[in-house]
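Student: only the shape, not the letters, is given here:
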């Protein structure tokens, strides 16, 4: 079978390639899927596209060039191995790539498959990929309700993280230099937004919280300088959640980090989404399947707003323009979906 697939071949080199896919002899835990939509993860995919992630040059690494990018997909199951025949014909969400058709092996740790509920648009359904990332910020913070939470960075992940905290009753403050992203955040129900210098943002947070600062501060950017800023905005006994993946070098004073955390009892937590397994034989354990089910439920009843964040629906032939737009036109490109059929 001839398919089309996005392949990153080198630094800022990407194309839609015609490849041959063997469609038969599926393993018992394998399905064949025809794509309808796939979602571009701006953080992970641009890190590979720009070679910010040094692993692109390491042979055998998961993102080594040539890299078949993408890990959020909605499509129809065309065929399945003996153990998964019940999925044939169903519309499913998977961590599949940007490809017209692909083979997908299920894995209890990293490889999810789930039915897409009726009534949810294909674009919202596939954008759940970034909601899965964003929800890790909430997952890793201590439980709390009427607390002050600051989210720095109001792109796709930061906006959704802010919405998740608000769903728990938190008083959320979003921080971003982009007026457009601040407005979208407010359109999504985030009541307080700030911008300006670090000093101006700190003054704004102090004013809103009555001088108490934030019980939880989330770095949704993925830059060490932002994590340091987050530390300064966090109240005594609070938490800094590193939601974005830091990838670029940063020269700073580590003593300030550890001294602040030490004196003010601040906890710094990582929030990579893959910590929770895809599924578990024990019903009471938290899994990626349960997370996705919750996200789809909140989209369906209107509590989680994704549509305002979706800026582009593009054919896969425009993948180069999509990556360049996400890289260089951050005001205009936020949520980008590829339309396969």
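Tutor: Cool, the structure landed. Just so we're clear, the structure is a prediction, and the values are computed from it rather than from any experiment.
Student: hey, let's count contacts and neighbours off CA atoms from now on
Tutor: Noted.
Student: what about this protein, any weak spots by pLDDT?
Tutor: Within the chain, the stretches with pLDDT under 70 are 284.
Student: can you give me the helices in it?
Tutor: 42-49, 122-140, 156-167, 179-187, 198-208, 224-232, 254-264, 288-300, 319-328 (DSSP state H).
Student: dump those helices to JSON lines, plus mean neighbour count and distance to residue 113.
Tutor: Putting the helices of the chain into JSON lines (neighbours: other CA atoms under 10 Å; distance: least, CA to CA, whole Å) gives the following:
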{"stretch": "helix 42-49", "mean neighbour count": "22", "distance to residue 113": "21"}
{"stretch": "helix 122-140", "mean neighbour count": "23", "distance to residue 113": "12"}
{"stretch": "helix 156-167", "mean neighbour count": "26", "distance to residue 113": "21"}
{"stretch": "helix 179-187", "mean neighbour count": "18", "distance to residue 113": "30"}
{"stretch": "helix 198-208", "mean neighbour count": "16", "distance to residue 113": "41"}
{"stretch": "helix 224-232", "mean neighbour count": "21", "distance to residue 113": "33"}
{"stretch": "helix 254-264", "mean neighbour count": "14", "distance to residue 113": "40"}
{"stretch": "helix 288-300", "mean neighbour count": "18", "distance to residue 113": "8"}
{"stretch": "helix 319-328", "mean neighbour count": "17", "distance to residue 113": "25"}
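Student: reformat those helices as JSON lines; add distance to residue 21.
Tutor: Formatted as JSON lines, the helices of the chain follow (distance: least, CA to CA, whole Å):
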{"stretch": "helix 42-49", "distance to residue 21": "23"}
{"stretch": "helix 122-140", "distance to residue 21": "23"}
{"stretch": "helix 156-167", "distance to residue 21": "33"}
{"stretch": "helix 179-187", "distance to residue 21": "40"}
{"stretch": "helix 198-208", "distance to residue 21": "51"}
{"stretch": "helix 224-232", "distance to residue 21": "41"}
{"stretch": "helix 254-264", "distance to residue 21": "50"}
{"stretch": "helix 288-300", "distance to residue 21": "28"}
{"stretch": "helix 319-328", "distance to residue 21": "21"}
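Student: burial measure for residue 90, as a count.
Tutor: 15 (other CA atoms under 10 Å).
Student: quick one: contacts for it?
Tutor: Contacts for residue 90 (CA atoms under 8 Å, 6 or more residues apart in numbering) come out as 76-77, 115.
Student: residue 280: how many residues sit nearby?
Tutor: 15.
Student: my guess is it contacts residue 108, does it?
Tutor: Yes - look at residue 280 against residue 108 with CA atoms under 8 Å: they come within range, at 7.4 Å.
Student: any shared contact partners between those two?
Tutor: In contact with both residue 280 and residue 108: no residue, using CA under 8 Å, 6+ apart.
Student: of all the helices of the chain, which one is nearest residue 64?
Tutor: Distance to residue 64, taken as CA to CA, is lowest for helix 42-49 among these, at 8.2 Å.
Student: so what's the nearest residue to residue 340 once chain neighbours are set aside up against?
Tutor: Among residues not flanking residue 340 along the chain, residue 36 sits closest, at 4.9 Å (CA to CA, 6 or more residues apart in numbering). The contact partners of residue 36, taken as CA under 8 Å, 6+ apart, are 73-76, 100, 122, 339-341.
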